[in-house]
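Participant: quick one, fold the following:
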Amino acid sequence: MTSFTFVLLAFLLAFAQPARAQKAVFLPDSLRIYDLNDTASRWCWQRSAQTDDLVFFWEKGFGDDLAHAPQLDGHDMRVDLPNLKSRVQHFYRYFRDTLRFTLPGSKADRYKMMVMLHYSLEGTAYGGTYDNFIGALWVAPNRIQDRKLNCLAHELGHSFQLQIPADSVGDAWGGSGFYEMASQWMLWQVNPDWIKDEYYHFEAFRNLTHKAFLHLDNIYHSPYVLEYWAELRGLPSIGELFRQGRKDEDPVLTYQRLYGLSQQQFCMEMAQCYQRLLNFDFTHARKETRPYACTFSTPVEASAPKGWYAPAPGMLPEDYGFNAIRLDTERCKRKVSATLRGQGLVSGFVAVDTDGKSYYGTLVTDGKPKMALPKDKQLKALYLLVTGAPAAHTKLDYRHPENNASYPYTFKLSGAEILNPRD
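Facilitator: Numbers count the residues shown, from 1 in each chain. All right, here's what the predicted structure looks like:
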């Protein structure tokens, strides 16, 4: 084959590859009232920019150049447009191509999602859709001063979530606090340092691990169950969960139906998730989560009779919530066990050596967990994990969270002692 023929074939093959069609910009009803060709309008084409998948509009108050936007009441209103375009485009492609929150045939294949910048000091950002048609988000400069743009990763997550009902490919439960938990997970996927950047969420969660899964107190703090599910079922499984979600279900019921799990199997899977969470034993963000591994500790106090303990007041596990009871690694024997008195509980041990390797005891429902600790290994941490495991799933009553079920118990240990128990 001559070099000319080879070059010609390569040229023809390049042009034979399928290419994405240029996407259009959707004009929602609320923008049609403006003359977008008039720079005196609130919104106009001159104050806009585009990427392959997104269109950005900014309000008149910014002026034509976001890098030189005038102050508002003494506050800096400048925006780094190149970074904004680059970061949000990166989020978009990850959510579409890796997490697969949209599938071929979506309206987002034909129209660009929209980013609307408000010349305002309003601190709230929103993600959703325009006219239940195409994903969009609305934000002011004070929420996008960090170069990572964590806020926009979260809000664009909502845009993708709500693109599902906009595309008529699923109900996504008709709305749920799970949306916030999922957006935090989507943010964590594109920023492995999310826990460090928003440490207050993790700090709060460590004091709220006993709360029910999907409790509103934790929806911003705790994307960790979703990470376990994604590693167990595949990254696209979270988007598929949204597509499968029915209005008469919650995410737990959808997950159980989708993967054919009984209630007991689901309870065991949640406990397995929490065993891994104690050491952040996930593939994702392994390096970034080392500072937070083995930092959980549910306070316990002495109970009657002597030698028995109970969770501190207010720390009883609710549905699929957990207690992580820290044990003294310097005073444990080769074999450890516990006896629990209570109903609706899954329990088991977790050990972590000084190299960061996790060891998992068998999870049990009979209140008698036990574990043989690894030989010739110095332990960094040892836990008794106790998870609330309802016999039947009940959707949370968000109007009356005080009515959430909880699971009281007492326990005693053999071969181990509590680390710093309360008197």
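
Participant: look up phi and psi at the residue nearest in space to the middle of the chain.
Facilitator: In the chain, the residue lying closest to the centroid (C-alpha atoms, centre = their mean) is Trp185, at 2.1 Å. Main-chain dihedrals, Trp185, degrees, to the nearest 10: phi -70, psi -40.

Participant: quick one: neighbours of Ser176, just the number.
Facilitator: Applying other C-beta atoms under 10 Å, we find 21 residues neighbouring Ser176. All C-beta spots, glycine's among them, are computed from the backbone N, C-alpha and C.

Participant: residues contacting it?
Facilitator: Shown in contact with Ser176 (C-beta atoms under 8 Å, 6 or more residues apart in numbering): 214, 245, 250-251.

Participant: returning to what we had before: can you check the pLDDT for the residue nearest to the centre of the chain?
Facilitator: The score at Trp185 is 99. That number is its pLDDT.

Participant: just give the closest residue to it, not the sequence neighbours.
Facilitator: For Trp185, ignoring the flanking residues on the chain, the nearest one in space by C-beta to C-beta, 6 or more residues apart in numbering is Pro223 at 3.5 Å.

Participant: ditto for Leu277
Facilitator: Leu277's closest residue in space is Tyr224 (C-beta to C-beta, 6+ apart), at 5.1 Å.

Participant: and what of Val115?
Facilitator: Per C-beta to C-beta, 6+ apart, closest to Val115 is Phe56, 4.6 Å.

Participant: beta partners for that neighbour?
Facilitator: Note on Phe56: beta-bridge partners by DSSP bridges are Ala49, Val115.

Participant: that one and Arg147, how far apart?
Facilitator: For Phe56, the distance to Arg147 (C-beta to C-beta, to the nearest Å) stands at 17 Å.

Participant: who has more neighbours out of the two?
Facilitator: Of the pair Phe56 and Arg147, Phe56 is the one with more neighbours under other C-beta under 10 Å, namely 20 against 11.

Participant: what's the separation between the more buried one and Ala140?
Facilitator: Applying C-beta to C-beta, one obtains 14 Å for the distance of Phe56 from Ala140.

Participant: now Pro251
Facilitator: According to C-beta to C-beta, Pro251 and Ala140 sit 31 Å apart.

Participant: the more surrounded of the two?
Facilitator: Neighbour totals were compared for Pro251 and Ala140, and Pro251 leads with 25 against 21 (other C-beta under 10 Å).

Participant: ok, the more buried one - contacts?
Facilitator: Applying C-beta under 8 Å, 6+ apart, the residues near Pro251 are 173, 176, 178, 214, 241, 245.

Participant: what do you get for Ile195?
Facilitator: Ile195 makes contacts with 188, 201-202, 285, 288-289, 292, as judged by C-beta under 8 Å, 6+ apart.

Participant: ok, 10 Å please
Facilitator: Ile195 makes contact with 188, 201-203, 205, 223-224, 280, 285, 288-289, 291-292 under the criterion C-beta atoms under 10 Å, 6 or more residues apart in numbering.

Participant: host element of it?
Facilitator: For Ile195, the host element (DSSP states H and E) is helix 194-197.

Participant: where does the stretch 201-350 of the chain dip in pLDDT?
Facilitator: Of all residues in the stretch 201-350 of the chain, none has pLDDT under 70.

Participant: where exactly do the strands run in it?
Facilitator: 300-303, 308-311, 322-327, 335-342, 345-353 (DSSP state E, counting those that start in this stretch).

Participant: how much space separates Val350 from Arg42?
Facilitator: Taking C-beta to C-beta, one finds Val350 at 56 Å from Arg42.

Participant: and those two? Which one has more around it.
Facilitator: Here Val350 and Arg42 are set side by side on neighbour count (other C-beta under 10 Å), and the busier one is Val350, at 25 against 16.

Participant: show me what the closest residue to that one other than its chain neighbours is bridged to.
Facilitator: Ranked by C-beta to C-beta, 6+ apart and with sequence neighbours excluded, the top spatial neighbour of Val350 is Tyr383, at 4.5 Å. For Tyr383, the beta-bridge partners under DSSP bridges are Arg326, Val350.

Participant: all helices for the stretch 51-200 of the chain, in order.
Facilitator: Here the stretch 51-200 of the chain has its helices, by DSSP state H, counting those that start in this stretch, at 81-93, 150-166, 178-190, 194-197, 199-206.

Participant: now for those, which one comes closest to Ala338?
Facilitator: In terms of C-beta to C-beta, the element of those nearest to Ala338 is helix 199-206, at 21.9 Å.

Participant: what's the angle from the closest one to helix 178-190?
Facilitator: Helix 199-206 runs at 120 degrees relative to helix 178-190, counting by axes from the mean of the first three to the mean of the last three C-alpha atoms, to 10 degrees.

Participant: in contact with Gln189, which residues?
Facilitator: Here Gln189 is in contact with 91, 94-95, 98-99, 153, 157, 223, 226-227, 230, 235, 238, 284-285 (criterion: C-beta under 10 Å, 6+ apart).

Participant: switch the cut-off to 8 Å
Facilitator: 94, 98-99, 235, 284.

Participant: by neighbours, which of those wins?
Facilitator: Neighbour counts for the contacts of Gln189 peak at Leu99, which has 22 neighbours (criterion: other C-beta under 10 Å).

Participant: I figured that residue hits Ser237, correct?
Facilitator: No - under the criterion of C-beta atoms under 8 Å, Leu99 is not in contact with Ser237, lying 9.3 Å apart.

Participant: quickly list the domain ranges of this protein.
Facilitator: Per automatic domain parsing, the domain ranges recorded for the chain read 18-168, 174-292, 300-395+402-414.

Participant: can you put those in JSON lines and add distance to Pro421?
Facilitator: Shown next, in JSON lines, are those (distance: least, C-beta to C-beta, whole Å):
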{"stretch": "domain 18-168", "distance to Pro421": "38"}
{"stretch": "domain 174-292", "distance to Pro421": "17"}
{"stretch": "domain 300-395+402-414", "distance to Pro421": "6"}
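
Participant: right, and those - which one's nearest Asn420?
Facilitator: Of these, nearest to Asn420 by C-beta to C-beta is domain 300-395+402-414, at 7.6 Å.

Participant: off-centre distance for the closest one?
Facilitator: Taking C-alpha atoms, centre = their mean, to the nearest Å, one finds domain 300-395+402-414 lying 25 Å from the centre of the chain it belongs to.

Participant: so where is the stretch 1-150 of the chain shaky, pLDDT-wise?
Facilitator: For the stretch 1-150 of the chain, the stretches flagged by pLDDT under 70 are 1-20.

Participant: quick one: the helices in the stretch 201-350 of the chain?
Facilitator: Using DSSP H, counting those that start in this stretch, helices in the stretch 201-350 of the chain cover 224-233, 237-244, 251-259, 263-278.

Participant: all set, thanks.
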